[in-house]
Every structure is written in structure tokens, then in C-alpha cells.
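Engineer: sharing a model that was predicted from the sequence below.
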Amino acid sequence: MRSLPEDPMIRELVTRARASVVTRRAVLSTAAAGGAAAALAACAPIGSAAKTLKAGKDHSSTVKSMTWANWPLYLDQDDKKKYPTLEAFQKQTGISVKYDIAVEDNDAYYAKVKDQLALGQDIGADTVCLTDWMVSRWIQLGYTQKLDHANIPNIKNLTTSLQNPDFDPGRNHSVPWQSGFAGLCWNKELLPKGLKQVSDLWAPELKGKVGALSEMRDTIGLIMLEQGVDISGKSWGDKEFTAAIDELTKQVGSGQIRNIKGNSYADDLKSGDTIAAIVWSGDVEGINATIGKNKFAFALPETGGTLWSDNFLIPIGSQEKANAEKLINYYYEPEVAATVAAYVNYITPVEGAKEAMQKIDPTYVDDQLIFPNADTLKQAHLFRTLTNAEQNKYNSQFQGVLLGA
Amino acid sequence: MAITAFGAGGGPAAAVDAAPKRRSWVALFLLLPGILYLVLFFIVPLVSLIITSLETQSPDGAFAYGFQWQNYVDSVGTFGTQIWRSFFFAILATVIALLFSYPLAYFIGVKARRWPLLQSFMLILVVAPFFISFLLRTLAWKTILSDDGPVVSALKGLSLLGPQAHITGEPIAVVFGLTYNFIPFMCLPIYTTLERLDIRYLEASSDLYAGGWATFRKVTIPLSLPGIVSGTLLTFIPAAGDYVNASQDFLGGTSSTMIGNVIQSNFLVQENYPVAAALSIVLMFVILVVVSVYVKRSGTDDLL
């Protein structure tokens, strides 16, 4: 059967039409009624969507397939463009997994699926990995399904510090996939001296060659850290945020910063449009691997970088919840986690992966980007949780800079 | 509206005027699907958009209906630059596209008449880009125009670009992208009018001692005006609202943002629906005014 169209309304119509294999007249009347209902539902303001949505019916026992939406460069891949750990999972369980590199930016992904979520429909993914603050929004809005920990026994391997985040105490709706830092990346051939702090990006010779992330918490977080703000603490507010925005505005306005974007910053580094950028830690190794040479380096700024986690969650409309839970469970086996970490170069949340890594590739055991020690972690900071009002205000300021307004 | 220009041969208008005046239920009935379509896909969304544009937002992000005219003032105040820039870019792209398309259309439609095979081949070449996704083509240009790409290296080699200058992310790249992407929309309508250009008019003009330039200005251009007008409209209107070329993921940067990007960001990223809706309506309104004035001035108001 053909895959469903992306537009939520049409998707709904097609699904309904398919579901009722009856006379043409009946299909037409169903479609009309469904369309009207869907149209009305979509008109409802987002705020009122807090009404409880019904989780998709779990077909996992009969349907042995699922889709996993994830970010680019985020799963181990071999030369044949296959994913070894995922292949092993499929062989082991008989569940066929479609790995969909669909997430380029938290906001952009959310914008794409939010209409379906608000209607409690399938978004074409049975599990998605999203960043903490976005996961927090999904849980608040009731867009996630409650996880059955009985299906994820390996969750016992979850590292202690990530077991009870404020948005999901006890991890009933989300499970960390990888954690990572936002820091500085530079082209080693053109900048042999490297970068030590955020202000090194503002050097005159880098004018027009600097990239930044469209993830507000990372770009602004780094600038705030350099301005001496403790981004994890509750004490900062509008004044500190605006000071960081002003710095960013200045650098964008003068043409120092070439662009501010999501994961596609990798293309700009590769094409030479940018030679220094604020990036996510693990990607740098991935970029070096795709171009086949060790051209880019990564470091946390001396004043510190941000620390974030991306988390598995199961969208409300998914009909393969148990399959997805099996997948999560599989990736919490220390050996599998270590294999993934050796490739993606992000911090694995799985206890025991370090010991497993010893067997896979001992050179990675001391890699600070995968198994950071206390000193490295001291340099990394969590961006504090924002209230809804702050989120709206700050995001609108930040997006204003991106739009050059 | 503009589509009628493709068939604007002149003449049939009189016959339409003489249509029977008696009420015909059949005609109304036949119109029904069209009217339903308009109501469902134009009137209803438009009303919904207007209502959204007047909503108020509470600090925690929830929207409520309120007669908030301030939305219009605020959004135009904040994004005035982007609105101006959009129209400036769109006009620039339209003019450049016209300069490229007219000679091309003239060649295909008039000069190449003797060689029908060449004519069809060239038409295919004009249409061929449509066979590849618009996004892919724009991304390809991003790579071609990138700092380490052939264009920038060549221009730097010729000292036409400074050592720190670049093309992607700058207004020039956006205007280039707009022009490139809309040239077929400009070329095809002009081609259809020129293809029917009666050469005998040109001969008559030269018999009356008009030089090449005068013939072109006084005969060819007026005869192809319907094509020019519809071509410019088909280019200008979508170009003014375009948000792909100017997006930072494609050819744009922060200094070349167009109003389409602002609307996209407000609708999809910031979820500030009232501002996005207000800007959409402003954009629609300004385009409507610009287009009406243009069509009126160019003397082809029967197009509307």
C-alpha cells in the first residue's frame, strides 16, 4: 500500500476511506463527516489540546514493523550505509525497523507533526528522539504514551544522574538516547591554532565564516556562559538573556555570523561556507568520517558548554508501542550502547558501556566526548527549564535575530 | 485571472457579451462545483485567517479571540524591512527574468519557426527543470555558489570578489535563486503570444519605414504585451511570497530574510499565529494593490 500523505487532514481522510471498505456512497459520507470533524478539531487553539488523547491501539503482537525517527549522524553506520546494531536487532526480534532521519531541528520537527499529535493520530513514527525541553513539552501536552518498564528491563542500566529529570521523574514517558555538548568546532587546516572561547569566533579574520545553532539553548547558552551567567541556576532572567541576545544581534548584524541553522550546519562546514561554528559534540567525528579526513576539531569553550540529552519517546498515535519498547530495551544493552557510542561519539547514558567499550575499541574509553570524567562534566552546564511565558518571550527574541529583525 | 492571457487572442470577448440573458438553472448547477471549491478552499480559510490575525495571546502562549488590531501595527512595525525587501527582491527578480526570457521566447516563438524540431527541443529545455524538484535545484545552486565552489573561486581569481566576500547568504544569491526558479513562468506565456505573432505586421512596419528598433517597440512589444503581463504576474506574485530561496538552509542569510520566512517562522517555529496571519493578510493585500495598479497601467485590465 502507498504511504500516507503528510498533510494531517488528507491523511485522516485516506485512513478513514481505507478503513471502511463499503459502498462508494458510504465512503463519501464518512469522508465528508471526517473532514468536517478534522477541520473543526484543527481549528481548536493549541492551548485547549490538553484534553486527554487516546493512545494508539497497540498492534505490536501482529505487526512486526516500526519506524524510528532520529537526527542525522546519530546511529552507527557501516560502509554500505547499513546500520549494524539495527540490523542485529531486526534479526534478533524479527521486527523490521524503518530508520527515518527526519529530525533536523526540534522546532521544525514539532511543527511538522503537531497537527497530527493534537488529533491523537499516527505521525509516521513509533519512536522519536527529541531534546529534553521539547520532550517536556510533549509530555505536558499529553502527546506521549506511558512506557511499560516491564518491557524495558534494561532501563536499570540508565545512569543515575538522568533517572529523575524534572520533566519526567521516574522516566515513565521518555528514556535518554544520547547526551552531548554544544561547543566550538573549527577547520584545523585553516585555523591551526584552534578556538578556546566563544569570543574567538568574533575574530576579524573569521568574518562571514562563522555558523551558529538554531537551537536557542545552545547558541545563547554558550554566549551567556561566556558572559559569566550560570545557565543552570534559577537566578538569571530577562536581563542576562537580553545581554546575550544583544551580543548575538551584534555579530549577526555585522556579518560575522554567516548563518544560524539546525543539523544542516554540517553541509556548510563541508562546503567551506563556514570554517568555525557552534556545533554539537559528536557530529564533528561524523563529518570527518564522511569527508574521509580529520579536518575538523571540537572543544568545549573555556567558559563552558551546554549539556543536553535527546530522549526516546513514543508518540501518542503510535500503534507499535511494544515494538518500540523492545528497541529501546535493546539499545540499553551495554555492548550495543558502546557500539553506537563508538560511532556517534556522543555521551551514552548506559551504565556498563564503558566496560563494554574496553572490548570494542579501548581507544574510546578515555574519550571525553563519550565517557566524560568529572573535570569535563564540570565544564558542561544544563540550561535551566524555562516557564512557558519565558519560552515564548525568549524564543521570539531569538527567532527575531535569525530573521534579521 | 492571469491564465486568460494565454488565450487572449482578442475577439471572443464580444461573443461572450452576447450570451443569452435568460436564467439558466443548468448553468448555475454547473457552476456549483466551482463555487463550492472557492468557498471551501478560499473563503473559509481566508475568514479563518482573518479571525486568527485578530487573536490575542496570553503570556503563557494560549490564544483567545479579541479584536486585536494592534497585531497588524506591531507586525508591520517589526518586520517592515522584510516586507520592503520582499517586494524589492521580487521586482528585481521579475525584471531580470523578463530580460532573460524575452529574447529566449522571441527566438523560440519567432526565429525558430522554420525549424519545428529545434522549437520543440528548446521548449523542452525551458520546461525540463520542472522535472527535478525545485528544492533540489535550489540546494544544488547552494553548493555551486558556496565559498569553495567554482563560481566564487573563479570570481576571486579574477579579483571581482574580495578575499572575504561570499555569495550564499547574501541578497544577490536570493535574487539569483528567485530569478532562476521563475524564469520558465516568465518565458512560457511570452512564448505563447510571440508564437502567434503575425510576421506580416513586422513586414508592414518595415514597409512604413520603421527601423528594427521602432518595429520592436511599436509592433512586437504591444502585440506580446498580454504575455509579458501574465509572465510578470506569474513571476512577481509567487516571488514576493517565496520563502525557500531566502531560507538559511538554501540561499539566504539573516540579512536577506523575506516576508515568507518571517511568516514561516511565526507559524511553525514561534507558534505566534496572530502575527503570522496578520503578515499573510498584509502580504496578500499589498500584492493585490501592486498587481491592480500594474495591470491598470499596462492597459490590459481586461485580464483581471
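Structural biologist: Arrived safely.

Engineer: now do residue A:21, the pLDDT please.
Structural biologist: Here the pLDDT value assigned to residue A:21 is 52.

Engineer: bridging residues for residue A:313?
Structural biologist: Beta-bridge pairing for residue A:313 (DSSP bridges): residue A:128, residue A:174.

Engineer: so it sits against residue A:127, correct?
Structural biologist: Yes: using Cβ atoms under 8 Å, residue A:313 makes contact with residue A:127 at a distance of 6.8 Å. Every residue, glycine included, has its C-beta placed from N, CA and C.

Engineer: could you pull up the residues touching residue A:233?
Structural biologist: Contacts for residue A:233 were tallied using Cβ atoms under 8 Å, 6 or more residues apart in numbering or on different chains; they are residue A:384.

Engineer: which of the three states applies to it?
Structural biologist: Look at residue A:233: counting by DSSP: H, G, I helix; E, B strand; the rest coil, its state is coil.

Engineer: can you map out the helices along the stretch 151-300 of chain B?
Structural biologist: Secondary structure of the stretch 151-300 of chain B, counting by DSSP state H, counting those that start in this stretch: helices at B:171-195, B:199-207, B:212-215, B:221-241, B:259-264, B:273-297.

Engineer: can you list contacts of the third one?
Structural biologist: Counting by Cβ under 8 Å, 6+ apart, the neighbours of helix B:212-215 from elsewhere in the structure are B:202, B:205-206.

Engineer: list only buried entries from these.
Structural biologist: Using 16 or more other Cβ atoms under 10 Å in any protein chain shown as the burial test, the contacts of helix B:212-215 include B:202, B:205 as buried.

Engineer: what separation do you get for the most centrally placed residue in chain B and residue B:286?
Structural biologist: Nearest residue to the geometric centre of chain B (Cα atoms, centre = their mean): residue B:235, 2.3 Å. For residue B:235, the distance to residue B:286 (Cβ to Cβ, to the nearest Å) stands at 16 Å.

Engineer: can you list the residues of chain B near chain A?
Structural biologist: B:48, B:57, B:59-64, B:78-79, B:81-82, B:142-143, B:146-149, B:164-166, B:168-169, B:248-249, B:253-257, B:261-262, B:265-272 (Cβ under 8 Å from any Cβ of the partner chain).

Engineer: swap in 7 Å and give it another go.
Structural biologist: Those residues of chain B that sit near chain A, judged by Cβ under 7 Å from any Cβ of the partner chain, are B:48, B:59-63, B:78-79, B:82, B:143, B:146-149, B:164, B:166, B:168-169, B:248-249, B:253-255, B:257, B:261-262, B:265, B:268-272.

Engineer: residue of the stretch 201-304 of chain B closest to chain A, please.
Structural biologist: residue B:268 (3.6 Å; Cβ to the nearest Cβ).

Engineer: quick one, what contacts that residue?
Structural biologist: A:108, A:111 (Cβ atoms under 7 Å, 6 or more residues apart in numbering or on different chains).

Engineer: make it 10 Å
Structural biologist: Applying Cβ atoms under 10 Å, 6 or more residues apart in numbering or on different chains to residue B:268 gives the contacts A:107-108, A:110-112, A:114, B:276.

Engineer: check which residues of the longest helix that chain B contains are buried.
Structural biologist: The longest helix of chain B (DSSP state H) is helix B:70-109. Neighbour-count burial for helix B:70-109 flags B:71-72, B:75, B:78-79, B:82-83, B:85-87, B:89-94, B:96-98, B:101-102, B:104-106, B:108-109 (criterion: 16+ other Cβ under 10 Å).

Engineer: buried residues, stretch A:355-363. List them.
Structural biologist: A:356-357.

Engineer: give me the contacts around it.
Structural biologist: With Cβ under 10 Å, 6+ apart, stretch A:355-363 has contacts from A:333-339, A:341-342, A:348, A:350, A:353, A:364-367, A:370-371.

Engineer: residue of the stretch 151-300 of chain A closest to chain B, please.
Structural biologist: Nearest residue of the stretch 151-300 of chain A to chain B: residue A:272, at 3.3 Å (Cβ to the nearest Cβ).

Engineer: do the same with the stretch 51-200 of chain A
Structural biologist: For the stretch 51-200 of chain A, Cβ to the nearest Cβ, closest residue to chain B: residue A:111, 3.6 Å.

Engineer: quick check: nearest residue in space to that residue, chain neighbours excluded?
Structural biologist: residue B:268 (3.6 Å; Cβ to Cβ, 6 or more residues apart in numbering or on different chains).

Engineer: residue 193 - how many residues pack around it?
Structural biologist: No chain was given, so I picked chain A. 8 (other Cβ atoms under 10 Å in any protein chain shown).

Engineer: oops, wrong one, chain B.
Structural biologist: 24.

Engineer: nearest residue to it in space, please, no chain neighbours.
Structural biologist: Per Cβ to Cβ, 6+ apart, closest to residue B:193 is residue B:227, 3.3 Å.
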